[in-house]
Each structure stands twice: as structure tokens, then as C-alpha cells.
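> Here you go, sequence then predicted model.
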Amino acid sequence: MNAISTNRLTKYYGKTRGIIDLNLSVGEGDFFGFIGPNGAGKSTTIRILLGLITATSGSAEVFDHDVQKKKTTVLQEIGYLPSEAMFYNGMRVKDILRLSADLHRQDCQAEAKRLCERLELDTSRKIEELSLGNRKKVGIVCAMQHKPKLYILDEPTSGLDPLIQREFFLLLKERNAEGATVFLSSHVLSEVQRYCKHAAVIREGKLLVSDSVENLGHTDTKRITIRGVDTAPSLPHTKDIKILPDAVTFLYSGKPDLLLKTLSDLPITDITIAEPDLEEVFLHYYTKEEHPNADL
């Protein structure tokens with residue numbers, strides 16, 4: 001069974017594009033990264049999955065339930081964390097957590113207490129007294145305390161300090177190991193590389209690629225670093241050229257024999273040929289259409 005499945009999902013806001021013919025599959029129990037530049041359609045997709053807006057055409061299902069026809073059933077299975085969580089002023093953290101639990105018709109006191117201890121969240125304070133990071137912690141506990149089958153997280157670590165970020169991902173890994181599905185929308189590509197099993201890249205409302213993170217990292221492009229010269233060699237199929245104090249580095253996707261022939265004519269003292277960082281691969285999908293001659 002898929003935790004999330006969309007079929008030609010399309011959304012227009014009047015004449016403005018949201019997403020177009022999005023076919024997305026997220027297997028149950030997956031830890032899935034959903035990435036793309038601002039305005040790509042990530043938030044539109046999430047809002048449709050939550051039943052907050054309706055699609056122009058196409059369909060979306062969560063655990064085989066149509067998100068529009070079975071909205072209440074779907075929401076019972078989801079823990080959602082928006083990028084900017086908003087709460088009622090005047091309420092204390094413990095009251096917000098109790099209200100969230102009541103909306104799910106569950107007694108979550110024991111789990112909420114455990115989560116607050118791990119995230120170092122003081123439940124006696126009022127919402128308006130909290131920093132951005134502590135407000136984010138409140139949102140995390142609200143999303144996790146009822147132990148849903150699916151976590152939909154939109155930029156979840158913004159505002160969190162590094163230690164709390166690490167604890168948060170430990171919690172997610174524990175829930176994932178127990179069988180929960182994690183759908184992570186993030187601009188922090190290193191998070192996707194470190195924690196996700198699969199990932200999809202969306203750009204201008206269209207799905208560009210969806211595959212395992214391991215496969216996404218396997219390309220014909222290499223990161224070339226040479227020493228002994230202060231300018232990049234004249235080669236086709238190069239990009240991301242960086243002139244460093246002691247080296248020149250660039251991405252190369254052309255023929256190896258041409259690379260070696262060109263470098264053999266230069267006074268280089270050292271060379272390193274390595275796989276590009278996965279973050280560089282993801283960034284390629286962000287920018288490829290803007291630079292159609294750039295290969296990766």
C-alpha cells in the first residue's frame with residue numbers, strides 16, 4: 001500500500017499555476033524527501049493532501065482514501081507540521097497540547113510529556129512568551145503526540161538549534177522504524193541526503209525526478225579538483241567552476257579521454273576525481289531548465 005498516491009494531480013489558482021499532472025507515490029513506511037525551489041508547488045501539494053484546498057483535476061489518496069471524500073479519516077492518520085506554526089495567544093503550551101489531543105479524540109498526556117522532555121519544552125509558558133524555536137517545538141509535539149501513521153512535515157527544522165534538530169530527527173527515525181511514514185518537505189538538502197530513503201524533486205509545478213536517494217546520487221558527472229594551475233581548463237560540459245587559493249575545482253560530464261588529454265597539457269601537480277555531493281545533484285534539478293546547456 002502507498003501512504004501517498006497522486007494521479008495527474010493539478011491545481012490552478014485562477015490562471016496561476018500551482019502543480020501540473022503530478023504523479024507521486026510514497027510507499028508505506030518510507031522516509032521520503034520532497035524538495036524544490038520556492039514556488040515549485042510543494043505547499044500546494046501538501047495542502048491538497050490535507051484537504052485544505054481542492055484540486056483542479058486529478059486525484060490524491062492517503063492510505064487508499066480519497067483526500068476529499070474521506071477527509072476526516074485521512075486527517076486522523078496524519079501528523080502535520082507547517083513551516084510556520086500559529087497558535088492562540090494567551091494559552092499556555094500545555095493547553096495547546098491538550099487542545100490538539102482533543103481534536104484527535106485521544107489522551108496523549110503521557111506521550112506529550114515524553115516528547116516535551118526530549119525537546120526541552122516548558123509547557124507552563126504562554127505561547128506569546130516563546131521564541132520561534134520553542135513555538136516550532138510546540139508544533140512538533142502537536143504533530144507527534146497522537147502517534148500518527150503518516151507525518152507530513154513542511155520545513156520542520158527552521159528555527160531549531162542544532163541539538164534539538166538532532167533530537168527531532170532521532171524521534172522521526174524511531175517512529176519510522178516502528179512503521180510510520182515520513183514525508184519531509186525541506187530546503188535543507190543535507191537533511192534529505194542524511195535521513196531520507198527516497199526523494200522527489202518538483203520544479204515549476206512538475207515532478208522532475210523521483211527515486212531512491214542512493215540512485216539520485218549516481219550520475220555520469222564527476223567533481224574534478226586540480227592543483228598547480230590558477231584557471232580552469234577549456235573544456236565543454238563543465239559547470240560550477242570554483243577558483244580556490246590552492247586549487248581549481250569543477251563538475252565535468254564529458255568524455256574521460258578528452259578530460260585526460262586536456263589535463264595532460266597543463267602543469268598540474270595533483271588531481272582528484274570524485275562523485276559529486278548529493279546536494280550538488282539536487283541543485284542541478286533546481287537550475288537545469290534555466291541553463292539548458294549545463295549537463296550533470
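Yes, it's here. Numbers count the residues shown, from 1 in each chain.

> What count of nearby residues applies to the closest residue to T157 other than its chain neighbours?
Distances taken as C-beta to C-beta, 6 or more residues apart in numbering place Q165 nearest to T157, at 4.8 Å, with adjacent residues excluded. Just so you know, the C-beta spots here come from the backbone N, C-alpha and C atoms, and that holds for glycine as well. Q165 has 17 neighbouring residues, counting by other C-beta atoms under 10 Å.

> Quick check: which element contains Q165?
According to DSSP states H and E, Q165 maps onto helix 162-177.

> chain center to that helix, what's the gap?
Remark: helix 162-177 is offset 15 Å from the chain centroid, using C-alpha atoms, centre = their mean, to the nearest Å.

> which strands and helices sit next to the very next helix or strand once past that helix?
Proceeding N to C from helix 162-177, the next assigned helix or strand is strand 181-185, under DSSP H and E. Using 3 or more C-beta pairs under 8 Å, 6 or more residues apart in numbering; DSSP states H and E as the contact test, the elements touching strand 181-185 are strand 2-13, strand 16-27, strand 31-35, helix 42-49, strand 150-154, helix 162-177, helix 189-195.

> got the contact list for the third one?
Which is strand 31-35. With contacts defined as C-beta atoms under 8 Å, 6 or more residues apart in numbering, strand 31-35 is touched by 4, 26, 42, 45, 172-173, 176, 181-187, 189, 191-192, 195-202, 213, 282.

> cutoff 7 Å now
Contacts to strand 31-35, defined as C-beta atoms under 7 Å, 6 or more residues apart in numbering, come from residues 26, 42, 176, 182-186, 189, 192, 195-201, 282.

> Repeat that for the first one.
Taking C-beta under 7 Å, 6+ apart as the criterion, the residues outside strand 2-13 that touch it are 18-28, 30, 44, 48-49, 55-63, 150, 181, 183.

> Quick one: mean pLDDT for it?
For strand 2-13, mean pLDDT is 96.

> list the buried ones in it?
2-6, 9-11 (16 or more other C-beta atoms under 10 Å).

> How about the longest one?
Judged by neighbour count (16+ other C-beta under 10 Å), helix 162-177 contains these buried residues: 164-165, 167-169, 171-172, 175-176.

> Can I get it in CSV, CA atoms only?
Provided in CSV are the C-alpha atoms of helix 162-177 (Å, rounded to 0.1, in the frame of the first residue of the first chain):
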residue,chain,number,x,y,z
PRO,A,162,21.4,22.0,16.1
LEU,A,163,21.0,19.8,19.2
ILE,A,164,17.2,19.9,19.1
GLN,A,165,17.3,19.3,15.3
ARG,A,166,19.3,16.1,16.0
GLU,A,167,16.9,15.0,18.7
PHE,A,168,13.9,15.7,16.4
PHE,A,169,15.4,13.5,13.7
LEU,A,170,16.1,10.8,16.2
LEU,A,171,12.4,10.9,17.1
LEU,A,172,11.5,10.6,13.4
LYS,A,173,13.8,7.7,12.9
GLU,A,174,12.3,5.9,15.9
ARG,A,175,8.8,6.5,14.5
ASN,A,176,9.8,5.4,11.1
ALA,A,177,11.4,2.2,12.5
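
> Next, the residues that contact that helix from outside, please.
Applying C-beta under 7 Å, 6+ apart, the contact partners of helix 162-177 are 31, 118-119, 133, 140, 144, 151, 156-157, 160, 182, 195.

> Going by distance to R227, which of those residues wins?
Y195 (34.4 Å; C-beta to C-beta).

> and the gap between the closest one and G139?
Counting by C-beta to C-beta, to the nearest Å, the gap from Y195 to G139 is 19 Å.

> higher neighbour count, the two?
Comparing Y195 with G139 by other C-beta under 10 Å, the one with more neighbours is G139, at 23 against 17.

> Relative to L119, how far out is the closest residue in space to that one that isn't next to it in sequence?
Residue nearest to G139 in three dimensions, not counting chain neighbours: A85, with 3.4 Å by C-beta to C-beta, 6+ apart. According to C-beta to C-beta, A85 stands 13 Å off from L119.

> With L283 instead?
According to C-beta to C-beta, L283 and L119 sit 31 Å apart.

> next one: L263
Distance from L263 to L119, counting by C-beta to C-beta: 51 Å.

> in this structure, what residue sits furthest out from the centroid?
Distance from the C-alpha centroid of the chain peaks at D265, with 43.4 Å (C-alpha atoms, centre = their mean).
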